[in-house]
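Quick one, structure for this:
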Amino acid sequence: MAAIFWDKLSQAVFLEDTSIAAIDYAGRLPCRLPVTELLAESVALAGIALARLTDRTHAQVTVDGRLCAFWGLTSCKTIDWSPPEPWDALSDFFKGSDGWIRLHTNAPHHKKAAIKALGNVQTHSDISEVIAKLPVAQLEQKIIDEGGAAAQLFSLKAWRNHPQGLAIEASPLIEWVEKLTPAPKKLQDAVYASDRPLAGVRVLDLTRVLAGPVATRTLAGYGAEVLRIDPENWDDPGLLHDTTVGKKCAGLNLKASADRSVFEELLRQSDIFIHGYRPGALAKLGYDNSALDQINPSRIDVSLSAYGWEGPWANRRGFDSLVQFSSGIAYLCADANGVPGKLPVQALDHAAGYILAACCIEALRIAKAGRIKAVRTSLAKVAWLLCQEKTTPVINQEIPKQTEYDFNFETEQSDWGALKRLLPPLIVEGMSMRWDIPAGNLRRHPAKWDAASI
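Reported below is the predicted structural model:
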């Protein structure tokens, strides 16, 4: 298959055209949009970024498109245990009086907000009955106002004419911002030469479900020390076996003074600070850009939002499934009866994760020249990229099923039981993608950096 997105992706991340990795496709996910290509080419970005960082521009970079598709579903198979279902029963789409709406209720506080907005009905059937009588735009706003997460269905045309859709179209795919502070001596003098080229790079991770964790999992796979921070009331029980591998996971309450002091010291010593808070959320905690700059002005700051940083929805809560509903994707994937559809995997999350990983790696390369850049993108902009391509008929080119040879030989002992991790979808000559810390529960590690990497 020919590259579809590469020109736009490489220009956005590297600010220049680059050669693409060799991508081996053995099938295609069934979809009217080129999801398989988006996933594989996003993975390729990370590989090319690593080759550039390590001055191995002639190194062979190979992407397995089939494995990319599998990683988009889950990165492992469990042995004699099953992870919890990641989707709440009410995280579904419902038909209103004048259209469709999707709820996202996986987080308890989002579920509580949706139920309150619907009059405290709680079963799927009762909610369906209530929503059937309501206009979806009004209900969407009511749920948002209650602190929940929801999205009404837009056609691609309607989204492109919506104020937020117009704001997304006008924004860059990747926004790079040059910082006035020079790169610290550590990053200027860094030598990324081993088979674990990111060893010694400290990544402070304030991301959750799912793009940010994919990005930091990728960085950890090449040796970065990733320290994920979560509050006491957060959990991703159905995703942790996928998203915590290779990372230390600590807990801090950023509203408590003692924990704030710990966080600020961690930030001061970090090289990369990656966060997925919606615009304004960190500022409400007292950590706007000015405050962060006072703590560590030379950090590489990497951020992701659902709906971008401009427009009326900039501070709206959002997730991959909701952005699919807003951006026209669910409309494009509807069945013959007009029932909204969805992508075969959460491709916006996974593609955004690999794009962010590539940006982190490219920012490290820029730092070697003494410059620090901040970078940000959004799920809605990745959706915009996907929807630029003309829809195609579903291609019945079934991806060959998994075999035991698709998994690592070693067994990983997670906090919940044994599992086999898929082979990496990316191979960069002379480098090894692997994870030294097994997947496990949140808040299981102390909130501190490895003394050996100081």
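
Quick one: low-confidence residue ranges for the stretch 1-150 of the chain.
1 (pLDDT under 70).

mind listing the strands in it by residue range?
Secondary structure of the stretch 1-150 of the chain by DSSP state E, counting those that start in this stretch: the strands cover 22-24, 61-64, 76-78, 93-95, 100-103, 150-152.

With the stretch 201-350 of the chain instead?
Going by DSSP E, counting those that start in this stretch, the stretch 201-350 of the chain shows strands at 202-206, 225-230, 247-251, 272-275, 300-305.

Burial-wise, tell me which of the strands of the stretch 1-150 of the chain comes out on top.
strand 150-152 (a mean of 27; mean count of other CB atoms under 10 Å). Any C-beta I mention is one placed from the backbone N, CA and C, and that applies to glycine too.

Check what contacts that strand and list those residues.
96, 99-104, 114, 136-137, 139-140, 143-144, 318, 322-323, 325-326 (CB atoms under 8 Å, 6 or more residues apart in numbering).

Show the subsequent helix or strand relative to that strand.
For strand 150-152, the following helix or strand on the C-terminal side (DSSP states H and E) is helix 156-161.

so what does that next one touch, helix or strand wise?
helix 163-170 (3 or more CB pairs under 8 Å, 6 or more residues apart in numbering; DSSP states H and E).

distance between the helix it packs on and the chain's centre?
From the chain centre to the centre of helix 163-170 is a distance of 21 Å (CA atoms, centre = their mean, to the nearest Å).

ok, now stretch 302-317?
14 Å.

quick one: average pLDDT of that stretch?
For stretch 302-317, mean pLDDT is 96.

how long is that stretch from one end to the other?
Terminal residues of stretch 302-317 are spaced 18 Å apart (CA to CA, to the nearest Å).

Now do the buried residues in that stretch.
Across stretch 302-317, burial judged by 16 or more other CB atoms under 10 Å covers 302-311, 313-314, 316-317.

if we can go back for a sec, what would the strands of the stretch 201-350 of the chain look like in CSV with distance to residue 445?
Formatted as CSV, the strands of the stretch 201-350 of the chain follow (distance: least, CB to CB, whole Å):
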stretch, distance to residue 445
strand 202-206, 12
strand 225-230, 8
strand 247-251, 4
strand 272-275, 18
strand 300-305, 22
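
Compare those and give me the one nearest residue 160.
strand 300-305 (19.3 Å; CB to CB).

Next, the angle strand 300-305 makes with the helix or strand that contains residue 358.
If you go by DSSP H and E, residue 358 is part of helix 347-368. Helix 347-368 and strand 300-305 meet at an angle of 160 degrees, taking axes from the mean of the first three to the mean of the last three CA atoms, to 10 degrees as the criterion.

Report the mean confidence score over the helix or strand that comes right after helix 347-368.
Where DSSP H and E defines the elements, the next helix or strand beyond helix 347-368 is strand 373-378. For strand 373-378, mean pLDDT is 97.

starting at the chain centroid, how far to stretch 193-210?
With CA atoms, centre = their mean, you get 14 Å for stretch 193-210.

hmm, back to that, go through the strands of the stretch 201-350 of the chain and name the closest to residue 109.
Per CB to CB, nearest to residue 109 of these: strand 225-230, 14.3 Å.

Packing partners of that closest one?
Against strand 225-230 (3+ CB pairs under 8 Å, 6+ apart) you get strand 202-206, helix 211-221, strand 247-251, helix 257-268.

same thing but at 6 Å, please
For strand 225-230, the elements it packs on are strand 202-206, strand 247-251, judged by 3 or more CB pairs under 6 Å, 6 or more residues apart in numbering; DSSP states H and E.

Quick one: residues in contact with the first one.
Residues from elsewhere that reach strand 202-206, judged by CB atoms under 6 Å, 6 or more residues apart in numbering: 216, 219, 224-229, 266-267, 270-275, 449.

Among the strands of the stretch 1-150 of the chain, which comes closest to residue 236?
From these, taking CB to CB, the stretch that ends up closest is strand 76-78, at 15.0 Å.

Show me what that closest one packs onto, helices and strands only.
Under the contact criterion of 3+ CB pairs under 6 Å, 6+ apart, strand 76-78 touches strand 418-421.

burial measure for residue 180, as a count.
When neighbours are defined as other CB atoms under 10 Å, residue 180 has 8 of them.

correction: residue 407
Using other CB under 10 Å, residue 407 has 19 other residues around it.

show me what contacts residue 146?
113, 116, 117.

now do 8 Å
Residue 146 neighbours (CB under 8 Å, 6+ apart): 113, 114, 116, 117.

Leaving out sequence neighbours, find the closest residue to it.
Nearest non-adjacent residue to residue 146, counting by CB to CB, 6 or more residues apart in numbering: residue 113, 4.0 Å away.

if I look at that neighbour, how far off is residue 86?
19 Å (CB to CB, to the nearest Å).

So for these two, which residue has more residues nearby?
residue 113 (23 against 16).

wait, the more buried one sits on residue 120?
No: using CB atoms under 8 Å, residue 113 is not in contact with residue 120, being 11.6 Å away.

how near is the residue nearest to residue 301 when sequence neighbours are not counted to residue 34?
Excluding the flanking residues, the one nearest residue 301 by CB to CB, 6+ apart is residue 374, at 4.0 Å. From residue 374 across to residue 34, the span is 30 Å (CB to CB).

More neighbours: the two, which one.
More neighbours surround residue 34 than the other of residue 374 and residue 34, with 22 against 19 (other CB under 10 Å).

Perfect, that will be all.
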